[in-house]
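Visitor: sequence first, predicted model second:
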Amino acid sequence: MDILHEVLGFAAKGFVVFATVAACVVFFLAVARRKRPAAWLRVKPLNKQIDALGDALRVNLMRKKDFRKLRKGRKKARAPGAAAKPNVFVLEFKGDLFATAVRNLREEITAIATVAGKGDEVVIRLESAGGAVPHYGLAAAQLMRLRDKAIKVTVCIDRIAASGGYMMACVADEIIAAPFAIIGSIGVVAEVPNLHRLLKKHDVDFQEMTAGEFKRTVSVFGEITEKGRKKFQEELEDTHLLFKDFVKAHRPKLDVDRVATGEHWLARRGLELGLVDQIGTSDDYLVGRAAIANLYQVSFQRIRSLRERLGSMAASALDWSLSSLTWLLLVAWIPAAAAAPRTFSIDGNSSSASAHVGKTGIGSFAGHEHTVLAQTIQGEVILDREQLSRSSVDLVVSARSLKVSEEGEPEGDAPKVQRAMRGADVLDVARYGTIHFRSVEVTAKPAGPSSYDLTVLGELSLHGVTKPCTVPVRLEIQGEALSATGKMVVKQTDFGIQPTSAAGGLVKVEDEVTLTFRIAARAAP
């Protein structure tokens with residue numbers, strides 16, 4: 001019996017200890033849950049984080065004395081009495097099909113709008129391939145709240161901002177994109193599978209009752225009429241028009257009709273079109289701003305219910321499926337867009353070149369000017385649109401094919417002038433049958449969405465002499481074709497040709513000859 005009493009007493013004491021511990025745990029959990037709000041705003045200073053990354057290297061590269069001095073300088077700059085710096089608030093927006101991140105974005109913007117002062121800035125690191133119109137329209141409207149309060153907005157695009165993503169981006173004061181980020185896709189798309197014929201084939205009736213002529217224009221199970229299809233297309237066109245107007249309102253210098261075709265571009269090409277303002281990554285931009293401003297990452301966080309988590313998982317699965325398909329299509333497209341330089345063959349039938357030969361001397365009033373036309377032009381252009389400086393041109397004109405135009409010449413003079421030009425005293429085509437130009441260096445600057453002003457440095461071989469020359473060129477690119485136009489002046493004496501004269505030297509041919517050309521080329525198969 002004594003042993004039983006001892007066992008029962010020990011068990012009772014153990015139970016009391018267990019109950020006490022359990023009660024304490026339950027109590028503390030309850031207190032913790034009461035103190036933890038359902039939603040909160042998280043603010044993370046970024047300057048120290050950026051400094052710490054650099055210090056990890058500096059501590060091994062700098063002398064200890066210099067490193068300590070650097071850190072003291074930072075502390076002094078952050079002291080209460082130091083000059084105030086502007087604030088930069090950094091937001092993250094990763095958009096899905098229904099732009100669910102806007103739920104947190106609106107709270108973040110509300111918080112920032114209440115405290116942001118003069119000189120402050122909001123940087124949004126945006127990543128979205130677009131989605132439903134009303135959802136992304138709301139997201140763009142949230143960014144407009146900042147613009148309405150005169151708060152500078154900068155959007156950084158590291159990977160993609162297309163369709164609804166670009167609708168958001170265009171609201172910004174400045175758009176910065178990584179070189180190969182995907183930009184644009186200013187268009188509207190709707191896809192509706194229709195099972196009406198399948199149901200009809202299996203004798204399944206589907207009844208759809210509506211009130212209002214256009215309550216249902218297209219549906220999955222009902223028959224799609226031509227009238228309904230036309231109305232649905234009108235709605236798409238109207239949405240697209242509103243999208244274009246929205247972009248134009250926020251980027252007035254952009255040629256909206258040129259870019260609002262539903263196409264997307266890599267950011268380097270988007271810069272030329274005016275879709276973005278600067279090429280760079282968000283990391284570079286923030287590191288630069290950290291040197292002169294206080295950076296804060298702002299994120300609104302909330303405890304999601306079980307239903308929200310399950311719904312989010314389903315939405316993420318759908319979004320992942322659609323995004324995977326989109327990325328597969330884009331990956332298939334990108335290599336073509338960022339391919340190696342392309343070769344274009346010069347189209348001799350569509351190309352032209354002429355030389356204007358003037359007159360000089362005290363008897364020039366009695367002489368005639370001549371125009372010489374090139375009949376045979378051959379060669380190729382290697383074009384690298386990603387880096388035009390790597391482009392080149394190799395052009396050959398048959399000297400034997402040069403012809404003196406009869407326009408402006410006295411009757412019967414053109415053949416005589418032509419024989420003299422081809423003869424041994426001028427071009428000597430029997431010995432030097434070709435005129436050859438080969439580029440050495442190309443510099444370029446954009447002149448329009450598909451045009452460039454080039455300065456081509458090259459070597460011109462004429463009459464057996466090769467001389468360097470510089471040619472200004474306007475290049476136009478239209479799909480699989482390109483054209484280059486320009487004008488240059490050469491001196492005959494530079495190439496060992498003595499200008500001819502007549503009447504005892506009273507009438508002379510000018511030494512300087514003006515060459516005008518238009519070169520057309522098509523992409524080689």
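Guide: Perfect, thanks for sending it.

Visitor: how is this protein partitioned into domains?
Guide: Structurally, the chain divides into domains by automatic domain parsing as follows: 43-337, 342-523.

Visitor: need these in CSV with distance to T20, mean pLDDT and mean neighbour count, can you?
Guide: Every C-beta, even on glycine, is put in place using the N, C-alpha and C of the backbone. Written out in CSV, the entries for those read as follows (distance: least, Cβ to Cβ, whole Å; pLDDT from 0 to 100; neighbours: other Cβ atoms under 10 Å):
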stretch, distance to T20, mean pLDDT, mean neighbour count
domain 43-337, 30, 85, 16
domain 342-523, 72, 83, 16
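
Visitor: same list as before, the ones you listed that is, but in a markdown table and with distance to C24 included.
Guide: Shown next, in a markdown table, are the domains of the chain (distance: least, Cβ to Cβ, whole Å):
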| stretch | distance to C24 |
| --- | --- |
| domain 43-337 | 24 |
| domain 342-523 | 67 |
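
Visitor: between those, which one is closest to A23.
Guide: domain 43-337 (25.2 Å; Cβ to Cβ).

Visitor: where do the helices sit along the chain?
Guide: Counting by DSSP state H, the chain has helices at residues 2-35, 47-61, 64-77, 102-115, 133-148, 164-169, 196-201, 226-250, 256-259, 267-273, 282-290, 306-337, 413-422.

Visitor: show the contacting residues for G228.
Guide: G228 makes contact with 214, 216-218, according to Cβ atoms under 8 Å, 6 or more residues apart in numbering.

Visitor: what about the residue nearest to A116 when sequence neighbours are not counted, distance to G117?
Guide: Nearest residue to A116 in three dimensions, chain neighbours excluded: I151, at 5.0 Å (Cβ to Cβ, 6 or more residues apart in numbering). From I151 across to G117, the span is 9 Å (Cβ to Cβ, to the nearest Å).

Visitor: now do A161
Guide: In this view, A161 and G117 are 28 Å apart by Cβ to Cβ.

Visitor: where along the stretch 301-450 of the chain do the strands fall?
Guide: 342-346, 352-360, 370-373, 377-383, 392-398, 403-404, 434-448 (DSSP state E, counting those that start in this stretch).

Visitor: what sits up against stretch 174-184?
Guide: With Cβ under 8 Å, 6+ apart, stretch 174-184 has contacts from 129, 152-162, 166, 169, 259, 263-268, 270-271, 275-282, 285, 330, 334, 338.

Visitor: I'd say the residue nearest to A116 and I109 touch.
Guide: No - under the criterion of Cβ atoms under 8 Å, I151 makes no contact with I109, lying 9.4 Å away.

Visitor: what touches both of those two?
Guide: V122.

Visitor: contact partners for the closest residue to F221 other than its chain neighbours?
Guide: Using Cβ to Cβ, 6+ apart and skipping the chain neighbours, the partner closest in space to F221 is F206 (4.3 Å). Residues near F206 by Cβ under 8 Å, 6+ apart: 196, 199, 221-222.

Visitor: repeat that for M488.
Guide: M488 makes contacts with 469-472, 514-515, as judged by Cβ under 8 Å, 6+ apart.

Visitor: ok, which of the strands of the stretch 301-450 of the chain comes nearest G95?
Guide: Counting by Cβ to Cβ, G95 lies closest to strand 434-448 out of the strands of the stretch 301-450 of the chain; the figure is 30.0 Å.

Visitor: now do that closest one: distance to the chain's middle.
Guide: Relative to the mean C-alpha coordinate of its chain, strand 434-448 is positioned 25 Å out (Cα atoms, centre = their mean, to the nearest Å).
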